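Engineer: Just to be clear, the model below is a prediction. Sequence and coordinates:
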Amino acid sequence: MDVFFMKLMKAIQVSKPGSAFELIQTEISEPTKNQVRIKILACGVCHGDALVKEGGNYPGLSYPRIPGHEIIGVVDKIGSDVTGYELGQRVGVGWPAGITYDGGFAEYMVTTSSELVSIPEELNEVEGAPLLCAGVTTFDALKNSGANPGDVVAIQGVGGLGHLAIQYAKNMGFKTVAISRGSDKKELAEKLGANIFIATEEQDAAKELQKLGGAKVILITAPSSKAVSELLSGLGFDGKIIIVAGINDPIQIFPNQLLVGRQSIQGWLATDANARKDTINFSILTNVHSIVETFPLEQINSAYEKMMTAKVHFRAVLTME
């Protein structure tokens with residue numbers, strides 16, 4: 001008599017909005033047409049995962065769901081009609097994995113081949129995983145900001161997004177200004193490439209930016225509506241504030257400020273595989289590194305809590321044993 005043995009994996013599941021993370025044993029899915037199965041090596045824990053954990057209005061989000069969208073792993077099985085990938089190849093996956101379909105808080109996942117980006121061997125999977133969202137978000141925003149080499153570009157926040165944005169801004173040739181609340185991150189910001197550091201507890205950041213001629217771009221990487229309002233007057237003519245952090249509170253602005261200086265405020269979200277590919281290539285070429293704290297899959301609660309309270313140093317990454 002034939003006996004069927006179901007292959008199982010460990011995963012972290014959210015069963016409904018607001019529910020706790022659950023460590024489960026679930027069946028390992030088989031890839032179908034145009035799909036690839038990945039054995040996951042590392043997955044970053046991102047503020048975007050709160051959309052699944054707490055519940056949010058996003059097309060395609062349903063429950064139960066396995067979160068995780070900063071993923072690096074190896075190709076484990078290939079479905080039909082897939083070309084360009086082979087077994088054992090290192091690949092990465094980003095958004096909307098873990099949102100519209102099960103993602104990287106697991107030992108295995110299945111995704112379409114069009115979502116994959118090749119990960120060169122020289123990129124460590126633990127440091128590389130955050131580049132699939134935090135890196136893409138900041139790199140792509142700066143790349144498309146309209147700033148030119150030599151322009152003043154300010155990075156608000158020296159945290160999970162900001163520490164990468166400073167490196168990208170410096171390597172793109174911008175006059176890079178790091179803005180943080182206190183001076184405790186000054187040494188790190190300068191080491192990462194900041195030409196100038198402004199501590200808002202000690203200085204008026206907008207006035208300091210105007211002394212430099214005004215910022216061409218101010219990238220908001222920490223979720224503070226107050227910071228957006230206060231920094232607006234630090235823009236130069238034709239300057240732009242770009243928001244890449246999730247801000248839930250209203251932003252107070254005076255439209256005449258935008259009118260007189262021909263200024264603007266915009267959000268930026270990078271989700272396509274080409275943006276991920278460009279980010280990975282640029283990061284390797286210019287030696288951009290994410291600073292990470294690692295946690296085993298079973299410690300998701302600790303990783304998530306430290307990430308949400310900004311106590312992690314600087315990105316939380318789950319590793320699979």
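Structural biologist: Okay, I see it. Small disclaimer: the values here were computed from a predicted structure and weren't measured.
Engineer: For the rest of this, base every contact and every neighbour count on C-alpha atoms.
Structural biologist: OK.
Engineer: Under the pLDDT cut-off, which ranges of the chain? List them.
Structural biologist: Residues of the chain meeting the criterion pLDDT under 70: 1-5.
Engineer: what packs against the longest strand seen in it?
Structural biologist: Using DSSP state E, we find that the single longest strand of the chain is strand 35-45. Strand 35-45 sits against strand 70-78, strand 108-112, helix 125-128, helix 300-308, strand 315-319, with contacts defined as 3 or more CA pairs under 8 Å, 6 or more residues apart in numbering; DSSP states H and E.
Engineer: list the helices and strands the shortest one packs on?
Structural biologist: Secondary structure elements in contact with helix 125-128, counted by 3+ CA pairs under 8 Å, 6+ apart, are strand 35-45, strand 70-78, strand 292-296.
Engineer: Return the most buried member of those strands.
Structural biologist: Each of the helices and strands packed on helix 125-128 was scored by mean neighbour count; the highest is strand 35-45, a mean of 27, by mean count of other CA atoms under 10 Å.
Engineer: Name the residues of the helix or strand that comes right after it that are buried.
Structural biologist: Toward the C-terminus, strand 35-45 is succeeded by helix 50-54 as the next helix or strand (DSSP states H and E). Neighbour-count burial for helix 50-54 flags Ala50, Leu51, Val52, Lys53 (criterion: 16 or more other CA atoms under 10 Å).
Engineer: what about the strands in the stretch 101-250 of the chain?
Structural biologist: 108-112, 117-118, 152-156, 175-180, 196-199, 215-220, 235-243 (DSSP state E, counting those that start in this stretch).
Engineer: Of the buried residues of helix 50-54, just say which sits nearest to Arg262.
Structural biologist: Sorting the buried residues of helix 50-54 by distance to Arg262 puts Leu51 at the head of the list, at 34.0 Å, by CA to CA.
Engineer: which residues touch the closest one?
Structural biologist: Ile99 (CA atoms under 8 Å, 6 or more residues apart in numbering).
Engineer: try it again with 10 Å
Structural biologist: Pro17, Gly18, Asn57, Tyr58, Leu61, Pro67, Gly98, Ile99 (CA atoms under 10 Å, 6 or more residues apart in numbering).
Engineer: Among those residues, find the one with the greatest number of neighbours, please.
Structural biologist: Using other CA atoms under 10 Å as the neighbour test, the contacts of Leu51 are led by Pro67, with 31 neighbours.
Engineer: helix/strand/coil for it?
Structural biologist: coil (DSSP: H, G, I helix; E, B strand; the rest coil).
Engineer: To Gly92, which of the strands of the stretch 101-250 of the chain lies closest?
Structural biologist: Nearest of the strands of the stretch 101-250 of the chain to Gly92, taken as CA to CA: strand 117-118 at 5.2 Å.
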